[in-house]
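J.: I would like to see how this sequence folds:
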Amino acid sequence: MTVHVIADNPSKASAVRAMVEQRHMVTSEMLAGASIRRSGIEAAVVAVDVADVDNIAALKVISAKLARIQKRIFLIDGKGRLAIVQAYALGATDVLSNPVNPTHLLAKLAPVEAAVAPLAFSQGSLEAASAGAASIASMFAAIMNGTAVDVADAKAAGGKIAASIAENGLSDWLTTVRRHHEGTFQHCLLVTGVAVDFGLSLGFGRADLERLYSAAMFHDIGKAKIPLAVLDKPGRLDDAERALIQTHPVAGFDVLQGNNAISPEILDAVRHHHEFLDGSGYPDALCAESIADIVRVLTISDIFAALIEHRTYKPTMPREQAYEILQGMHGKLEKPLVDAFREVALNR
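T.: Reported below is the predicted structural model:
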């Protein structure tokens, strides 16, 4: 594998090279004036201070070239959540905090197991996934900084995802996202892709499809208020942690409701995507007649995406098994929609 190191000072570049060059071919350059001219780069290791405004500006200059590299591992100073989110907003596919364990870095550079992602993927899907992840990270950063969410950027990223799904299909999207993104960002990207494909299969028009992918991009924005230790906890949550997670729909609604660029339909989807037809959902225990069509579509997409996510601590659930679980949720999901979802779940 060819690994390209971009650092904001020579000592960082040397340290990364020492960790990597026994296993991989390594090239490097300083961030100031970086051009990424070499072709055939399979991974980039970016060792920079992402809180430095000059570094941020320099990374934005090379962002388009960086996005073409499949793996983009950022090595950041400190473990603060804002720094991690900033790295993802700048294009990271993985983030490690200094001091970096060489074994962890080499593991991130290792090829993905065939069992996780057996299919090839398109460059268009990779670029759409990068744009989507950067937009989601930017939204999270805005909430943590108390600044306005860039609604236009999120909708534009959703549009790129929709175009990628229409051109390359859902399977390509699932492969790309699971190979290059983790945790909450992976989930949001999967939900958006699944929802888009579901909308296309149902014959949604352009305006309805835009509302659907916008709702999907925004649906978990309230998770920016949840501590990382809970949000990214491997394994089962305890009762207190689950209760905390269940605050995210209202938190997202509260953040977005004053924004004139967010339609009432999208706000409704953000608040109610965990509601069930039988009234057993949250946060408002709505029943069938109170749950909008776009919410019903988004809820099915959200559950399916959560079931098929790739997580490091357990095997990825097959799509067939995930669909069987949806079929078994009698009274909670609209049966005709679940039936219509079959083709999306199993074949697309």
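
J.: how far does the helix or strand harbouring Arg242 sit from the chain's center?
T.: Arg242 belongs to helix 239-245 when elements are defined using DSSP states H and E. From the chain centre to the centre of helix 239-245 is a distance of 22 Å (C-alpha atoms, centre = their mean, to the nearest Å).

J.: any idea of the mean pLDDT in whichever helix or strand comes after that helix?
T.: Later in the chain than helix 239-245, the nearest helix or strand by DSSP H and E is helix 248-256. Here helix 248-256 scores 95 as its mean pLDDT.

J.: Return the set of buried residues in the helix or strand just after helix 248-256.
T.: Where DSSP H and E defines the elements, the next helix or strand beyond helix 248-256 is helix 264-272. Within helix 264-272, the residues scored as buried using 16 or more other C-beta atoms under 10 Å are 265-272. In this view, the C-beta of every residue, glycine as well, is placed from N, C-alpha and C.

J.: And stretch 209-229, by the same measure?
T.: Here stretch 209-229 shows 209-226 as buried, counting by 16+ other C-beta under 10 Å.

J.: give me phi/psi at Ile300?
T.: phi -60, psi -40 (degrees, to the nearest 10).

J.: I meant Glu127, not that one.
T.: Dihedral angles of Glu127 (phi, psi; degrees, to the nearest 10) stand at phi -70, psi -40.

J.: Leaving out chain neighbours, which residue sits closest to it?
T.: Ala67 (5.7 Å; C-beta to C-beta, 6 or more residues apart in numbering).

J.: before we move on, what about Ala131?
T.: Ala131 sits nearest to Ala157 (C-beta to C-beta, 6+ apart), 4.7 Å away.

J.: With Ala134 instead?
T.: Ala89 (5.4 Å).

J.: okay, now the one you found: neighbour count?
T.: By other C-beta atoms under 10 Å, 21 other residues sit near Ala89.

J.: Over to the one 5 residues further on?
T.: The burial count assigned to Asp94 is 21, neighbours taken as other C-beta under 10 Å.

J.: what's the angle from the helix or strand that contains Thr299 to helix 264-272?
T.: Using DSSP H and E, Thr299 sits within helix 293-308. Angle of helix 293-308 versus helix 264-272, following axes from the mean of the first three to the mean of the last three C-alpha atoms, to 10 degrees, is 40 degrees.

J.: So which bits of the helix holding Arg242 are buried?
T.: 241, 244-245.

J.: which strands and helices sit next to it?
T.: Judged by 3 or more C-beta pairs under 8 Å, 6 or more residues apart in numbering; DSSP states H and E, the packing partners of helix 239-245 are helix 228-231.

J.: And Ala215, how far from Phe253?
T.: Separation of Ala215 from Phe253 (C-beta to C-beta, to the nearest Å): 12 Å.

J.: Thr247 now?
T.: From Thr247 to Phe253 the distance is 11 Å (C-beta to C-beta).

J.: and for Ala215 and Phe253, which residues touch both?
T.: Val270 (C-beta atoms under 8 Å, 6 or more residues apart in numbering).

J.: In what element of secondary structure is the most centrally placed residue in the chain found?
T.: Central residue of the chain (C-alpha atoms, centre = their mean): Phe185, 2.3 Å from the mean position. Here Phe185 sits within helix 183-201, counting by DSSP H and E.

J.: residues in contact with the nearest residue to Ile143 once chain neighbours are set aside?
T.: Excluding the flanking residues, the one nearest Ile143 by C-beta to C-beta, 6+ apart is Ala224, at 4.0 Å. Neighbouring residues of Ala224 by C-beta under 8 Å, 6+ apart: 139-140, 143-144, 251, 255.

J.: Tabulate the CA atom coordinates of the helix holding Arg242 in PDB.
T.: Taking Å, rounded to 0.1, in the frame of the first residue of the first chain, the C-alpha atoms of helix 239-245 are listed here in PDB:
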ATOM      1  CA  ASP A 239     -31.000   1.700  31.400                       C
ATOM      2  CA  ALA A 240     -29.600   5.200  32.300                       C
ATOM      3  CA  GLU A 241     -27.500   5.300  29.100                       C
ATOM      4  CA  ARG A 242     -30.500   4.200  27.000                       C
ATOM      5  CA  ALA A 243     -32.600   6.900  28.600                       C
ATOM      6  CA  LEU A 244     -29.900   9.500  27.700                       C
ATOM      7  CA  ILE A 245     -29.800   8.200  24.100                       C
END
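
J.: how many degrees apart are the helix holding Thr299 and helix 183-201 in direction?
T.: 130 degrees.

J.: after helix 293-308, next one along is what?
T.: Taking DSSP H and E, what comes next after helix 293-308 is helix 319-327.

J.: What angle do helix 293-308 and that following helix make with each other?
T.: Using the same axes, to 10 degrees: helix 319-327 against helix 293-308 is 130 degrees.

J.: Contacts for helix 319-327 next, please.
T.: Contacts for helix 319-327 (C-beta under 8 Å, 6+ apart): 300, 303-304, 307-308, 333, 338, 341-342, 345-346.
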